[in-house]
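A.B. asks: what's the 3D shape of this:
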Amino acid sequence: MAYKTELQSKGYQVIEDFLNPSECQKLLDGIQDFRDNNKLQEIFRAVRGRNLHYFVIRGDQIEKNLSDIHHLYIGKVKQKVNELVRDELAPLSNLQARLNVNIMPPGDYEYRWHYDRNYITAILYLNKVQGGETEFYPNNRIYLKNKYMALQKLIDWVLNLPFIRFFLSRKVAIAPQVGRLIVMQANRSLHSVTPAMGDHDRINIIMAYDFPSVEFPVEKGLDKYIYTRDKQESTDPNYG
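C.D. replies: Numbering: from 1, shown residues only. Below you'll find the predicted structure:
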């Protein structure tokens, strides 16, 4: 039987104070400068249970304009992820999807329940806000590795029926704290974000990793869904 790391067995790990407050503030200052000079893309998709509603700075924009975040993604965070997985994962080849800054003002901004396309996602909180928790069910999915998408959709639907999820899964909620890092098996853990409250935007960095040269059949439709407000052909692009 293959040895499982703590991350693989538990489904996630939380690293406190991965960045110190001054490091987070430097990144926030860069993000604010970008916001002052660029109109952010606001995404809204009505979804039963919890909507997809947020502002995003995509990875291709980050690579050109926010070099400190890009270097963090390919450097310190990647090193920590590989240490936890005990394997050699790589940044995704998809420039816009592999690295995002997600911004959610207080109010009705939230992020739908979903699985990620990629194996590991690292979530770095840059500020503390009321609400805005990352809620997830770690390792609650029987994952078919991008094959048999119709069957995957059926299995996910069954496992996420409320009464089945109640008995077979446990929900974890992690609140935003300055410098806190969550590393999650994101294609195996159903997750979402609750609305933020108070007076401040919730700002975090999403960093995606997987094995080199991995391909994602859902990529085109999923990117259109989460980065644009264009009409979507599929009701759930996680399944093509």
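
A.B. asks: quick one, what contacts Ile142?
C.D. replies: Ile142 makes contact with Ile155, Leu159, according to C-beta atoms under 8 Å, 6 or more residues apart in numbering. C-beta: built from backbone N, CA, C; applies to glycine.

A.B. asks: Reduced to three states, what does it come out as?
C.D. replies: coil (DSSP: H, G, I helix; E, B strand; the rest coil).

A.B. asks: how about the strands in this protein?
C.D. replies: Using DSSP state E, the strands of the chain run over 12-15, 41-45, 52-57, 90-91, 99-104, 111-114, 120-125, 130-131, 134-137, 172-174, 181-185, 190-193, 196-197, 202-210.

A.B. asks: Could you dump those into TSV with mean neighbour count added?
C.D. replies: Output for these, formatted as TSV (neighbours: other C-beta atoms under 10 Å):
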stretch	mean neighbour count
strand 12-15	18
strand 41-45	14
strand 52-57	20
strand 90-91	18
strand 99-104	23
strand 111-114	20
strand 120-125	24
strand 130-131	16
strand 134-137	21
strand 172-174	15
strand 181-185	24
strand 190-193	23
strand 196-197	18
strand 202-210	24
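
A.B. asks: Now mean pLDDT and distance to Leu154 too, for those, in JSON lines please.
C.D. replies: Formatted as JSON lines, the strands of the chain follow (pLDDT from 0 to 100; distance: least, C-beta to C-beta, whole Å):
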{"stretch": "strand 12-15", "mean pLDDT": "98", "distance to Leu154": "25"}
{"stretch": "strand 41-45", "mean pLDDT": "95", "distance to Leu154": "22"}
{"stretch": "strand 52-57", "mean pLDDT": "98", "distance to Leu154": "22"}
{"stretch": "strand 90-91", "mean pLDDT": "97", "distance to Leu154": "31"}
{"stretch": "strand 99-104", "mean pLDDT": "98", "distance to Leu154": "29"}
{"stretch": "strand 111-114", "mean pLDDT": "96", "distance to Leu154": "17"}
{"stretch": "strand 120-125", "mean pLDDT": "98", "distance to Leu154": "24"}
{"stretch": "strand 130-131", "mean pLDDT": "96", "distance to Leu154": "33"}
{"stretch": "strand 134-137", "mean pLDDT": "98", "distance to Leu154": "18"}
{"stretch": "strand 172-174", "mean pLDDT": "98", "distance to Leu154": "25"}
{"stretch": "strand 181-185", "mean pLDDT": "98", "distance to Leu154": "21"}
{"stretch": "strand 190-193", "mean pLDDT": "98", "distance to Leu154": "15"}
{"stretch": "strand 196-197", "mean pLDDT": "95", "distance to Leu154": "34"}
{"stretch": "strand 202-210", "mean pLDDT": "98", "distance to Leu154": "24"}
